[in-house]
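Chemist: Could you work out the structure for the sequence below:
(one chain, ligands or ions: 1)
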Amino acid sequence: MSLLIANCRVVSPGVDLPNAAVLVEGKTIAGVFPAGRKAPAADTVFDAAGAMLMPGFIDIHYHGAVGYDNTDGSVEAVARIAEAKLRDGVTTICPTTLTLPEEQLAASLRTVAEYAANPAFAKVAGVHLEGPYINCTCTGAQNPAFVRPPDIAEVKRLAAICPVAIVSFAVEEAGGIEFARQLAACGIVGSCGHTAASYGQLAEAKAAGLRHLTHFCNQMTKLHHREIGCVGGGLLDDDLVVELICDKIHLCPDMIRLAFKSKPADKVVLITDSMSATGLEDGDYSLGGLAVVVSDGAARLKSDGALAGSTLQFNTALKNVAEVTGLPLSRLVQTTSLNQAASLGLKGLGKIEAGWTADLALLDETFAVQAVFVDGQRKV
Ligand code: FE
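Modeler: Presented below is the predicted three-dimensional model:
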């Protein structure tokens, strides 16, 4: 079956083509036809009415949405969140866990594995374990009761249940540098987060294979002029990939601009870090067993006011970054899927080009999602 998405503005890394058409054959993009080049006939024609067609987004760090959390322990929860993600244009996900006992993590991974075996909505590219190997002084909204030292054997037991793509941990904890090396040897992305590491400790972990910084600037050592910390390291080191929560709460607009000005185009990945209240009203919620109150869209722990994830939707993140930085969309869409795919080794995702997978999000000029295609099938 062939599908022609006609009358669309194709926005892909390095490319911005108004009045274009995209031909999809089966699960794959078969061709991109700029204005003036005749598009071929197809079994089905979808008129995009001039909307922006982008590579489907990849969210590598999120906890929940629409009243559910990835660690609820039910396949229904994982699926309902994946459905909400898809409505935001997200076609590939890394369901993210919290600092919890191993039995609860194992139960969560079983539900993700069951969903991933036959995904009805967004596709799963492995789990992101956020914690439990974090610094007790930087827990944020992670439950300090379940923090423990890095343990590659536990990661391997969990990965046997469902593939683990990313582990966020504090590199300065006992055995942290060796753990960075062990993760790299397993093909798992090591990401430094919830950390009090010095820049020296971060550099040592990087030499051992660490690749990412988890929700950059949040719950990590600040930039000081005599010790640049993980924030300074993220800005200074071109090879570190930084996760950005662009809700204008976790990062103020000026910090978003500074990050985009400082980092190479291929080392920024937008994430949502969304929690269960995403897509719902302000009110009382919980995260990993901790009470959370959401007010004006900002989720904070009731106990100490620490930010407790976001209520950010992925399409809004891109809208915010476009407004704040003024950078062309053809550059920004690199940070919504291609960079994630490159870092996780996901082949064929992140560009609208012949031969690439037909995971596509169609957005109007307000960044509202109009349609979503996964493997060439319209899902939204
Ligand atoms: Fe976190």
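
Chemist: And for Phe46, the neighbour number?
Modeler: By the criterion of other Cβ atoms under 10 Å, Phe46 has 19 neighbours. C-beta coordinates here come from the backbone N, C-alpha and C atoms, glycine included.

Chemist: Please state the backbone phi and psi of the closest residue to it other than its chain neighbours?
Modeler: What sits nearest to Phe46 in space, not counting adjacent residues and going by Cβ to Cβ, 6 or more residues apart in numbering, is Ile5, at 5.0 Å. Note on Ile5: backbone dihedrals following degrees, to the nearest 10 are phi -90, psi 100.

Chemist: My read is that Ile5 contacts Val22, right?
Modeler: Yes. Taking contacts as Cβ atoms under 8 Å, Ile5 lies within contact range of Val22: 4.6 Å.

Chemist: shared neighbours of these two, which are they?
Modeler: Leu53, Leu360 (Cβ atoms under 8 Å, 6 or more residues apart in numbering).

Chemist: Could you check stretch 235-250 and say which residues are buried?
Modeler: Using 16 or more other Cβ atoms under 10 Å as the test for burial, stretch 235-250 gives 235, 237, 240-250.

Chemist: May I see those organised as CSV, with secondary structure added?
Modeler: What follows is the buried residues of stretch 235-250, written out as CSV (DSSP: H, G, I helix; E, B strand; the rest coil):
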residue, secondary structure
Leu235, helix
Asp237, coil
Leu240, coil
Val241, strand
Val242, strand
Glu243, strand
Leu244, strand
Ile245, strand
Cys246, coil
Asp247, coil
Lys248, coil
Ile249, coil
His250, coil
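
Chemist: Name the member of the residues you listed with the shortest distance to Glu353.
Modeler: Val241 (22.5 Å; Cβ to Cβ).

Chemist: What are the buried residues along the biggest helix by length in the chain?
Modeler: Determined from DSSP state H, the single longest helix within the chain is helix 102-116. Within helix 102-116, the residues that count as buried by 16+ other Cβ under 10 Å are Gln104, Leu105, Ala106, Ala107, Ser108, Leu109, Thr111, Val112, Ala113, Tyr115, Ala116.

Chemist: Check which helices and strands the following helix or strand past it sits against.
Modeler: The helix or strand immediately downstream of helix 102-116 is strand 123-124, counting by DSSP states H and E. Judged by 3 or more Cβ pairs under 8 Å, 6 or more residues apart in numbering; DSSP states H and E, strand 123-124 is in contact with strand 90-97, helix 102-116.

Chemist: what about the host helix or strand of Phe260, average pLDDT?
Modeler: Secondary structure assignment for Phe260, by DSSP H and E: helix 253-262. Across helix 253-262, pLDDT averages out at 98.

Chemist: now swap in stretch 171-186 and tell me
Modeler: Average pLDDT, stretch 171-186: 98.

Chemist: Quick check: Tyr199 vs Ile228, distance?
Modeler: Here Tyr199 is placed at a distance of 5 Å from Ile228 (Cβ to Cβ, to the nearest Å).

Chemist: same check, this time on Ile352
Modeler: 38 Å.

Chemist: neighbour-wise, which of the two wins?
Modeler: In terms of neighbours (other Cβ under 10 Å), Ile352 is the more surrounded of Ile352 and Ile228; the figures are 25 against 19.

Chemist: which SS state does Ser168 fall under?
Modeler: Strictly by three-state DSSP, Ser168 counts as strand.

Chemist: wait, I meant Asn7
Modeler: Secondary structure state of Asn7, per three-state DSSP, is strand.
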